[in-house]
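Q: Below is the sequence, then the predicted model.
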Amino acid sequence: MGRDQGLGTAEQRVPRLADLLEISRSSGIPLVLDQKHPVAAMAAARLVDRMHVPTTAFCGSTEGLVAIRAARPDATIYLNDAAYTPPDIRLLATVRPQFYNPLWTNLSPGTVHAMRTFGIALCCWTPNEDADLALVLDLGVDAVMTDRPGRLRALLEERADAGRRPAATSPTTPGPTSSQPAVYQPAVSRPAVPAVPQRALSGAAG
């Protein structure tokens, strides 16, 4: 098997990251790459740069996200979190994520308010039931990672028709090595890299 053929046969094979980045670039649908280690994170980031797909975002291991932010100040980052409490302010200042991305069951109005204070948008993973999707939308998330993107889109359209919330129009799909589901978020310009207030850092350091 040649190096350019990927894994498997021509009829059924695992696509390479380069294949998916090319699809992303041609379709205008950005990828969210779920990396598990800084080495993999930086290899993916270099390929993204070589292929000129700047809309690609990153999530996954915190160490990998720290490495990506240090190398790419303008990268779009989703800071994954499964903890019951919000992340340390010093971690937010280091990673400067555009999206805080906790396990959906750990979302709370207080967390949403705290991230909004720092200029960080909210995403979450992985609500799938209708009631759970409705709950995270009611909490005010900006994006959702779900295994049921069709149902999420339908809920957003129902809310748009009712005047409750604009429908999402920009789907974002996961990377090739990721088990993350699809993301749907409103079609808006890329969020700016947040700047954590220095007074907050001073308080955390104490």
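A: Arrived safely, thanks for sending. Remember, predicted model here, so these are calculated numbers, not experimental data. Numbering: from 1, shown residues only.
Q: CA only for contacts and neighbour counts going forward, please
A: Will do.
Q: Quick check: beta-bridge partners of the most centrally placed residue in the chain?
A: Against the mean C-alpha coordinate of the chain, by Cα atoms, centre = their mean, the closest residue is residue 78 at 4.0 Å. For residue 78, the beta-bridge partners under DSSP bridges are residue 99.
Q: That one: what's it in contact with?
A: 57-60, 97-101, 123 (Cα atoms under 8 Å, 6 or more residues apart in numbering).
Q: go on, residue 115?
A: Counted by Cα under 8 Å, 6+ apart, residue 115 has contacts 100, 121-122.
Q: next helix or strand past the helix or strand hosting it?
A: Assigned by DSSP states H and E, residue 115 falls within helix 109-117. Next in sequence after helix 109-117, counting helices and strands by DSSP H and E, comes strand 121-122.
Q: partners of that next one, with directions?
A: Looking at strand 121-122 with DSSP bridges, its partner strands are strand 99-102 (parallel).
Q: before we move on, back to that, mark which of the contacts of residue 115 are buried, thanks.
A: Taking 16 or more other Cα atoms under 10 Å as the criterion, what is buried in the contacts of residue 115 is 100, 121-122.
Q: how about these in JSON lines, adding distance to residue 193 and pLDDT?
A: What follows is these, written out as JSON lines (distance: Cα to Cα, whole Å; pLDDT from 0 to 100):
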{"residue": "100", "distance to residue 193": "12", "pLDDT": "97"}
{"residue": "121", "distance to residue 193": "10", "pLDDT": "96"}
{"residue": "122", "distance to residue 193": "14", "pLDDT": "96"}
